[in-house]
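>>> how would this look folded up:
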Amino acid sequence: MDTATFYATTSAVSFTLLGFWWVVVQFRHEEMTQDPGRRRLAFVVSLHFILPGLMSLGALLTGDAPLVWRLTFGVAGIAGMIAVVTASRGIADPTGAIATIGRWEWLAFPLYAVITVVAIRPDLVQSAVGLAPLQVEGTVMTLLVFLGIVFAWALFTEPHPTGAAREV
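Okay, here's the model as predicted:
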């Protein structure tokens, strides 16, 4: 498997999705930024694109220095876990998509934990599953990007809080 091609593609896809997501946030700016809980969820969706993009760049920069990808993935994994815990708290009157995302966002926590553990102890996955550590990290990152896409879609398609059509 050519991990360089995978990570180059993943970084491009992640940052492209991030740009699209920021357009969505701008489009629904009023309802996504008034409530601090919704704002945190919008931010954590951004992180599902930012962190895989940054980890991919770290993997591409590795060359002969595995410490680069390990440090990048470790820091990103810890940041992701903190973001999940922070974002899933304090949502005022969670209903609809917001309540669903608040519940399902916890799926990201163990994914970020796996990323962190593999970065700290890459030898564990080589002996346990027979894959290279960067292959395991890539698989988990793909799941994080998938969650980001699902959550972004749910937030984007959530009906306007008042139930009325948005005036342009």
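
>>> my guess is Val117 contacts Ala128. True?
No: using CB atoms under 8 Å, Val117 is not in contact with Ala128; the gap is 11.0 Å. (Glycine included, C-beta is placed from N, CA and C.)

>>> who has more neighbours out of the two?
Neighbours were counted for Val117 and for Ala128 using other CB atoms under 10 Å; Val117 has more, 17 against 9.

>>> where's that one, which helix or strand?
Applying DSSP states H and E as the criterion places Val117 in helix 108-120.

>>> got the CA positions of that helix in PDB?
Extracted in PDB, the C-alpha atoms of helix 108-120 (Å, rounded to 0.1, in the frame of the first residue of the first chain):
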ATOM      1  CA  ALA A 108     -15.300   9.900  17.900                       C
ATOM      2  CA  PHE A 109     -13.700   9.700  21.400                       C
ATOM      3  CA  PRO A 110     -12.400   6.100  21.100                       C
ATOM      4  CA  LEU A 111     -11.300   6.800  17.500                       C
ATOM      5  CA  TYR A 112      -9.100   9.700  18.800                       C
ATOM      6  CA  ALA A 113      -7.900   7.400  21.600                       C
ATOM      7  CA  VAL A 114      -6.800   4.700  19.100                       C
ATOM      8  CA  ILE A 115      -4.900   7.400  17.100                       C
ATOM      9  CA  THR A 116      -3.200   8.500  20.300                       C
ATOM     10  CA  VAL A 117      -2.300   5.000  21.500                       C
ATOM     11  CA  VAL A 118      -0.900   4.000  18.100                       C
ATOM     12  CA  ALA A 119       1.100   7.200  18.000                       C
ATOM     13  CA  ILE A 120       2.600   6.400  21.400                       C
END
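
>>> what residues of it count as buried?
Within helix 108-120, the residues that count as buried by 16 or more other CB atoms under 10 Å are Ala108, Phe109, Leu111, Tyr112, Ala113, Val114, Ile115, Thr116, Val117, Val118, Ala119.

>>> what pLDDT does the residue most central in space within the chain get?
The centroid of the chain falls nearest to His48 when counting by CA atoms, centre = their mean (1.4 Å). Per-residue confidence (pLDDT) for His48: 93.

>>> same deal with Pro94?
64.

>>> the closest residue to Leu107 other than its chain neighbours sits in which helix or strand?
Counting by CB to CB, 6 or more residues apart in numbering, Leu147 is the residue found nearest to Leu107 once chain neighbours are left out, at 6.3 Å. Leu147 belongs to helix 133-157 when assigned by DSSP H and E.

>>> show me what contacts Ile78?
Listed by CB atoms under 8 Å, 6 or more residues apart in numbering, the contact set of Ile78 reads Tyr112, Thr116.
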